[in-house]
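> need coordinates for the below:
(chains A and B)
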Protein chains: 2
Amino acid sequence: MEEVYNFNAGPAVLPKAVMLKAQEEFVNYHGIGYGIMEESHRNANFEEVINSCEANIRKLMGISDDYEVLFLQGGGSTQFAMVPMNLLIPGKKVGYCDTGEWSHKAMKEAKILGGDVELVYDGSACKYTAIGDASAWKINPDYAYVYMCCNNTIYGTEYQNYPQTGDVPLVADMSSDMMSRPVDVSKFGIIFAGAQKNIGPAGVTLVIIRKDLASRCPANIPTMFRYSTHIDKKSLFNTPPTFGIYMMRLVTDWLIGLGGIPAIQKLNEEKAAKLYAAIDGSNGFFRGTTAVADRSKMNVCFRIGEGDDALEKKFVAEAKAAGMVGVKGHRAVGGLRASISTQCRWQALKG
Amino acid sequence: MEEVYNFNAGPAVLPKAVMLKAQEEFVNYHGIGYGIMEESHRNANFEEVINSCEANIRKLMGISDDYEVLFLQGGGSTQFAMVPMNLLIPGKKVGYCDTGEWSHKAMKEAKILGGDVELVYDGSACKYTAIGDASAWKINPDYAYVYMCCNNTIYGTEYQNYPQTGDVPLVADMSSDMMSRPVDVSKFGIIFAGAQKNIGPAGVTLVIIRKDLASRCPANIPTMFRYSTHIDKKSLFNTPPTFGIYMMRLVTDWLIGLGGIPAIQKLNEEKAAKLYAAIDGSNGFFRGTTAVADRSKMNVCFRIGEGDDALEKKFVAEAKAAGMVGVKGHRAVGGLRASISTQCRWQALKG
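Next comes the predicted model:
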């Protein structure tokens, strides 16, 4: 089998060791005679999977008992709605950063739901090529919550710092840099991530929520969209995406084996440094598209020259021929992009 | 590998041929060098998967261009909320049948969302052991919609007929008998099904919706919960559960190869007849728990005598020792249950 370097932004590559293990036990999980995909979510075999997955995540991220770890469906886009559905407080404003498509979409959902939204950062003026220092944001202490997107996959920016929000709960979309570096969970109200970029396949959303926040939800919010529903039932109110959770368990097993978050962070930094060095050392042939201080270690966005569409198309084709797929930029901005997430095969081969 | 007969209600067994094919190409899909789980949902490889899956479903069920076929997340429980979010009309009542836990939960969501709910059938009096003839329901022609659950997995009942709703859209939860028998889709407004019982793994929800109904949705419903969002973007508004859709494509390929819905219906009827004959021929040792006319061909619910807990526990243990797992009844009702869905290994071995 030919080895391919897969730079897709998400769904993204999974560690080779994880894929091979899942393949090996696909039709006969631990000798039970059928696959874990075919197992009841109420059976002990699956309970062990989901409990181990949660324990792995708590261990890797150092999550205290003040927080719940939930496995939901619907991706970040569903969280864009669930956050205001659960956390808006009538009469209070909410603070949103606008650092590109994903935070912009999240803000739109808050407005649909009646949220009185104030911008704590507006990146539209610089076309999202810079995001600034979040620790300098002025936070109104009366906000119901503050919302941020930590890494912007489309533009290739990533916050190096987090805002100081005091008693205002900080909600963070970490879909594209989850578990890529250490995070002090106690500084956040809610952290969520679609699994498909760093920690598993598409179809599972990891939500880490401070328990007390779940009680805010008004009575007219449907059962499935209340965090309290899933907290009360330990993510088993309804049938969860069982196979996706199983894959996330394998990925987190693998991360622990690798040495945990500090180990993956070191690899992530080395990878990103190598790519940015190649761009910066190309005498202007390649050009990074973001402010240097805001560069993402997950998604390296670049152009050929000032944006040579024809040459970029050729680059994508020749990269593919050389065994590197998925280096085309997001359709919203064009150009080139190498997504080098935690799961990237570079680590998988090393690890 | 030991063969096991898996009677789990859902997530349920998948056809063996499908599981083996998915295993074979798990780490290298069609020679691309990585798995379909690791492929971008915007790439041609996945587009082929989702388009083929939709084409298979349209072919199997004879779905006209008046309907959209959507691949969503969140299971039936999310549809319980999305249906009233999209279809309620201020000032109009809605009709719900109450045939057990699932329709009851759906009704609850309609009420949370302000729906003025009228019961078109109330099964609570007989403890859901009978569901009656739906074609005899009196439907108020001014209802915004009528809602039913076609097969009740917990109680083991299944409608043999559908109501005559005229111009009132009929919404049907077919999670547990989807594609098990022919259905005239043109009689329905919305049909939905969590995949995990009959047509794939947990984490994908199939929704078939008459296009005109999507325009009813009020402006204050979040983007992800509007059917129109997913219609406009062909289920690719956000990252869909790609691997689950791939599995559903394989299951529908397999169903077509088997001879389509009429072929699986014949097998389903044979299986159910065999089980009910064993129960009815046991001289009262086993006892079916539902009205004979309402017996489900998907979930055969029975007791030992009038409900001998100790003997039933022994039965479950001895069945497992004999290679038959998942025959315990739902925790809400106890007793015994054999879920013999479309995917059941009996067919898989035959097919």
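
> could you pull out the helices for the stretch 101-250 of chain A?
Listed from the start of the chain, the stretch 101-250 of chain A has helices (DSSP state H, counting those that start in this stretch) covering A:101-112, A:227-232, A:242-258.

> now render those helices as JSON lines, adding mean neighbour count.
Bear in mind the C-beta positions are built from the backbone N, C-alpha and C, glycine included. Formatted as JSON lines, the helices of the stretch 101-250 of chain A follow (neighbours: other Cβ atoms under 10 Å in any protein chain shown):
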{"stretch": "helix A:101-112", "mean neighbour count": "20"}
{"stretch": "helix A:227-232", "mean neighbour count": "20"}
{"stretch": "helix A:242-258", "mean neighbour count": "23"}
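
> next, format the ones you listed as CSV and append mean pLDDT and distance to residue B:143.
Compiled in CSV, the helices of the stretch 101-250 of chain A are given as follows (pLDDT from 0 to 100; distance: least, Cβ to Cβ, whole Å):
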stretch, mean pLDDT, distance to residue B:143
helix A:101-112, 97, 27
helix A:227-232, 98, 28
helix A:242-258, 97, 36
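
> tell me, how many neighbours does residue A:50 end up with?
With neighbours defined by other Cβ atoms under 10 Å in any protein chain shown, the count for residue A:50 comes to 21.

> before we move on, the earlier item: quick one: the helices of the stretch 101-250 of chain A as a markdown table, columns for distance to residue A:300 too.
Rendered in a markdown table, the data for the helices of the stretch 101-250 of chain A read as follows (distance: least, Cβ to Cβ, whole Å):
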| stretch | distance to residue A:300 |
| --- | --- |
| helix A:101-112 | 18 |
| helix A:227-232 | 34 |
| helix A:242-258 | 22 |
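
> which of the ones you listed sits closest to residue A:282?
Using Cβ to Cβ as the measure, helix A:101-112 is the one of the helices of the stretch 101-250 of chain A that comes nearest residue A:282, at 27.5 Å.

> list the helices and strands that closest one packs on?
In this structure, helix A:101-112 makes packing contacts with helix A:75-87, strand A:93-98, strand A:116-122, strand A:146-149, strand A:151-152, strand A:170-173, judged by 3 or more Cβ pairs under 8 Å, 6 or more residues apart in numbering or on different chains; DSSP states H and E.

> residue contacts, the closest residue to chain B within the stretch 51-200 of chain A?
With Cβ to the nearest Cβ as the measure, residue A:81 is the residue of the stretch 51-200 of chain A nearest to chain B, at 3.5 Å. Contacts were defined as Cβ atoms under 8 Å, 6 or more residues apart in numbering or on different chains; by that measure residue A:81 touches A:109, A:112, A:113, A:225, B:222, B:223, B:224, B:225.

> same thing but at 10 Å, please
Contacts for residue A:81 (Cβ atoms under 10 Å, 6 or more residues apart in numbering or on different chains) come out as A:74, A:106, A:108-110, A:112-113, A:225, B:221-225.

> and the longest helix that chain A contains with helix A:242-258, angle?
Within chain A, and with DSSP state H defining each element, the longest helix by residue count is helix A:260-280. Comparing the axes of helix A:260-280 and helix A:242-258 via axes from the mean of the first three to the mean of the last three Cα atoms, to 10 degrees yields an angle of 90 degrees.

> beyond helix A:260-280, next helix or strand please.
Using DSSP states H and E, the next helix or strand after helix A:260-280 towards the C-terminus is strand A:286-288.

> which strands or helices does that next one pack on?
Strand A:286-288 sits against helix A:260-280, strand A:299-304, with contacts defined as 3 or more Cβ pairs under 10 Å, 6 or more residues apart in numbering or on different chains; DSSP states H and E.

> excluding chain neighbours, what is closest to the residue of the stretch 51-200 of chain A closest to chain B?
Excluding the flanking residues, the one nearest residue A:81 by Cβ to Cβ, 6 or more residues apart in numbering or on different chains is residue B:222, at 3.5 Å.

> now find how far off-centre stretch A:123-130 is within its chain.
Averaging C-alpha coordinates over stretch A:123-130 and over its chain gives two centres that are 21 Å apart (Cα atoms, centre = their mean, to the nearest Å).

> and it, which residues are buried?
Residues of stretch A:123-130 classed as buried: A:123, A:128, A:129, A:130 (neighbour count, 16 or more other Cβ atoms under 10 Å in any protein chain shown).

> right, and the second one touches residue A:330 too?
No: taking contact to mean Cβ atoms under 10 Å, the distance of 11.4 Å between residue A:128 and residue A:330 leaves them out of contact.

> which residues do those two both contact?
Overlap of the contact sets of residue A:128 and residue A:330 (by Cβ under 10 Å, 6+ apart) consists of A:100, A:101, A:154, A:155, A:156.

> so what's the last one up against?
Right, the one you point to is residue A:156. With contacts taken as Cβ under 10 Å, 6+ apart, residue A:156 has the following neighbours: A:100, A:128-129, A:288-290, A:294-302, A:329-330, A:333, A:335, A:337-339.

> the nearest residue to residue A:109 once chain neighbours are set aside - how many residues pack around it?
On the basis of Cβ to Cβ, 6+ apart, the spatially nearest residue to residue A:109 that is not a chain neighbour turns out to be residue A:80, at 4.2 Å. Here the number of neighbours of residue A:80 (other Cβ under 10 Å) works out to 29.

> and residue A:80, how far from residue B:6?
Distance, residue A:80 to residue B:6, by Cβ to Cβ, to the nearest Å: 38 Å.

> dihedrals phi and psi, residue A:163?
With angles defined as degrees, to the nearest 10, residue A:163 sits at phi -70, psi 160.

> now for residue A:161, how many residues are close by?
When neighbours are counted by other Cβ under 10 Å, residue A:161 registers 11.

> tell me the contacts of the nearest residue to it once chain neighbours are set aside?
Across the structure, with Cβ to Cβ, 6+ apart as the measure, the residue nearest residue A:161 apart from its sequence neighbours is residue A:135 (4.1 Å). Contacts were defined as Cβ under 10 Å, 6+ apart; by that measure residue A:135 touches A:159, A:160, A:161, A:162, A:163, A:164.

> is it correct that the third one is in contact with residue A:136?
The one in question is residue A:161. Yes: at 8.4 Å, residue A:161 counts as touching residue A:136 under the criterion of Cβ under 10 Å.

> and the contacts of residue A:135, which are buried?
A:159, A:162, A:163.

> just those that are near chain B?
Subset of the buried ones among the contacts of residue A:135 in contact with chain B: empty, counting by Cβ under 10 Å from any Cβ of the partner chain.

> need the residues of the stretch 51-200 of chain A near chain B, please.
With Cβ under 10 Å from any Cβ as the criterion, the stretch 51-200 of chain A comes near chain B at residues A:72-82, A:84-85, A:105, A:108-110, A:112-114, A:175, A:194-197, A:200.

> make it 6 Å
Residues of the stretch 51-200 of chain A that fall close to chain B, judged by Cβ under 6 Å from any Cβ of the partner chain: A:73, A:74, A:75, A:77, A:78, A:81, A:109, A:112, A:196.

> what's the answer for the stretch 201-350 of chain A, then?
Residues of the stretch 201-350 of chain A lying near chain B (Cβ under 6 Å from any Cβ): A:201, A:202, A:203, A:222, A:224, A:238, A:239, A:241, A:242, A:243, A:244.

> tell me which residue in the stretch 251-351 of chain A sits closest to chain B.
Counting by Cβ to the nearest Cβ, the stretch 251-351 of chain A gets nearest chain B through residue A:326, at 6.3 Å.
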